[in-house]
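Colleague: take this sequence and fold it.
(chains A, B, C and D)
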Protein chains: 2
Amino acid sequence: MTRDSLLPLLAAHVLTHGLGQASLRPLARAAGTSDRMLLYHFGSKEALMADLLGHIAQVYAAALDAAMGAERAASRGEVVARILAQGDAAAMQPFLALWWEIVAGAVRGIASYRTAARAMMDELLGWLETQMPADDPDPKGGARYLLTLIEGTLMLGAIDHGDTAHDGLLASGLLRP
Amino acid sequence: MTRDSLLPLLAAHVLTHGLGQASLRPLARAAGTSDRMLLYHFGSKEALMADLLGHIAQVYAAALDAAMGAERAASRGEVVARILAQGDAAAMQPFLALWWEIVAGAVRGIASYRTAARAMMDELLGWLETQMPADDPDPKGGARYLLTLIEGTLMLGAIDHGDTAHDGLLASGLLRP
DNA sequence: AAGCCTGTGTAGCAAGTGCTACATTTATCG
DNA sequence: CGATAAATGTAGCACTTGCTACACAGGCTT
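Modeller: You can find the predicted model right below:
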């Protein structure tokens, strides 16, 4: 059991149960080892969480790569629709649920959370830029505009205000009814 | 020490220290009482949190009321600028920091968090509608559009991507450079 | 073969968690 | 005043938290 072979098991547990349940003994159980060994491999819980969040950010990046469509979208609205469909996919749900815990931790100043949040958002923004329509007049600014809208939509969806966000997107003119 | 006189003290502690540190003994210390008495007044920690989050939602609503400008904005961009300036205000920072913990809890299915999140977002949306320009062609949809943008901006700001959001707002055409 | 480093199990510690039992004070009402 | 109820203090329980001390195996080099 090396450190690298443990990370996927730990990530799986955190993705389904959340960061609140991420204490050493449950994590160890999920990875088939003991709290003693987790500390042996990672040094401390803080270091473990840093490694783990880093690993999760990598997995997220890989998931985005895998989801990257071959051909570009024809309009900004199509980009938004594609990404939101992507966000609704079952495979992305655990990431979304985890995301808000990471944001909350980042705001509270926990360094590893900040790092993971930045990494995941950089990844998403980069991906978004590649997805912009070929004839977009301002792909860079447009990607940032869409990212802001998308994140707002995801947040509203997370608190049962999905309809609000949907109506907002309709009013933006990006989506057709 | 009645239940209602305790709530502001508890809210103050939670607003500055976060929900992660909200265990009975620290809360009791902040309110000048004992864990024993908190349970006596609220019945259980779960009930306490429900009451507390409800109270915080009320305080938030009051803060929004107090911040409501007298005259309407002239354009959607001005509405966004006003609200973001409002969000940057020191008085709102504790609410913002708490907000993401509430969202994270809501996503994990904790009922009282969901309720508080809904209440606060309903309040903000209602406030936003009153702030829309008088000549806006679609105040209701527009408010939802702006809400989505604003929440996305706040989230990006929370993870050091404030510049990204700002560029996005510029690209949206709502804000002038 | 002797020693040593890496990996692992067992047991435990001090602190903190929500909550409870019991006793006691304080206030209210007949 | 005396009784009854509401409010509070003191101790503690069973459990979880991150982390550590100690022992002990197995394979490695010399």
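Colleague: every contact and neighbour count from this point should use C-alpha atoms.
Modeller: OK.
Colleague: what about stretch A:15-26 and DNA strand C, any contact?
Modeller: No: judged by C-alpha under 7 Å from any atom of the strand, stretch A:15-26 makes no contact with DNA strand C; its nearest approach is 9.5 Å.
Colleague: without its sequence neighbours, what residue ends up closest to A:E101?
Modeller: Beyond its immediate neighbours in the sequence, the residue positioned closest to A:E101 (C-alpha to C-alpha, 6 or more residues apart in numbering or on different chains) is B:A104, lying 5.1 Å away.
Colleague: repeat for A:G54
Modeller: Leaving out its chain neighbours, the residue that sits closest to A:G54 by C-alpha to C-alpha, 6+ apart is A:A116, at 5.9 Å.
Colleague: what's the weakest-modelled helix or strand in chain A?
Modeller: With mean pLDDT, DSSP states H and E as the measure, the helix or strand of chain A carrying the lowest mean pLDDT is helix A:76-88 (a mean of 91).
Colleague: in that helix, what counts as buried?
Modeller: For helix A:76-88, the buried set under the neighbour-count rule, 16 or more other C-alpha atoms under 10 Å in any protein chain shown, comprises A:76-83, A:86-87.
Colleague: also stretch A:131-143?
Modeller: Residues of stretch A:131-143 classed as buried: A:131-133, A:139-143 (neighbour count, 16+ other C-alpha under 10 Å).
Colleague: same deal with stretch A:14-30?
Modeller: Within stretch A:14-30, the residues that count as buried by 16+ other C-alpha under 10 Å are A:14-15, A:18-19, A:22, A:24, A:26-28, A:30.
Colleague: sec struct for the closest residue to A:Q131 other than its chain neighbours, please.
Modeller: The shortest distance from A:Q131 to any residue other than its chain neighbours is 5.7 Å, reached at A:R72 (C-alpha to C-alpha, 6+ apart). The three-state label given to A:R72 by DSSP: H, G, I helix; E, B strand; the rest coil is coil.
Colleague: A:R72 contacts A:P133, doesn't it?
Modeller: Yes: with the criterion set as C-alpha atoms under 8 Å, A:R72 and A:P133 qualify as a contacting pair; they are 6.0 Å apart.
Colleague: pipe the buried residues of stretch A:14-30 into TSV and attach pLDDT, secondary structure and distance to DNA strand D per row.
Modeller: Putting the buried residues of stretch A:14-30 into TSV (pLDDT from 0 to 100; DSSP: H, G, I helix; E, B strand; the rest coil; distance: C-alpha to the nearest atom of the strand, whole Å) gives the following:
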residue	pLDDT	secondary structure	distance to DNA strand D
A:V14	98	helix	12
A:L15	97	helix	16
A:G18	98	coil	12
A:L19	98	helix	10
A:A22	97	coil	6
A:L24	98	helix	4
A:P26	98	helix	6
A:L27	98	helix	8
A:A28	98	helix	9
A:A30	97	helix	12
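Colleague: format the residues you listed as a markdown table; extra columns: distance to B:D167.
Modeller: As requested, those are arranged in a markdown table below (distance: C-alpha to C-alpha, whole Å):
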| residue | distance to B:D167 |
| --- | --- |
| A:V14 | 33 |
| A:L15 | 32 |
| A:G18 | 32 |
| A:L19 | 32 |
| A:A22 | 36 |
| A:L24 | 41 |
| A:P26 | 42 |
| A:L27 | 40 |
| A:A28 | 43 |
| A:A30 | 42 |
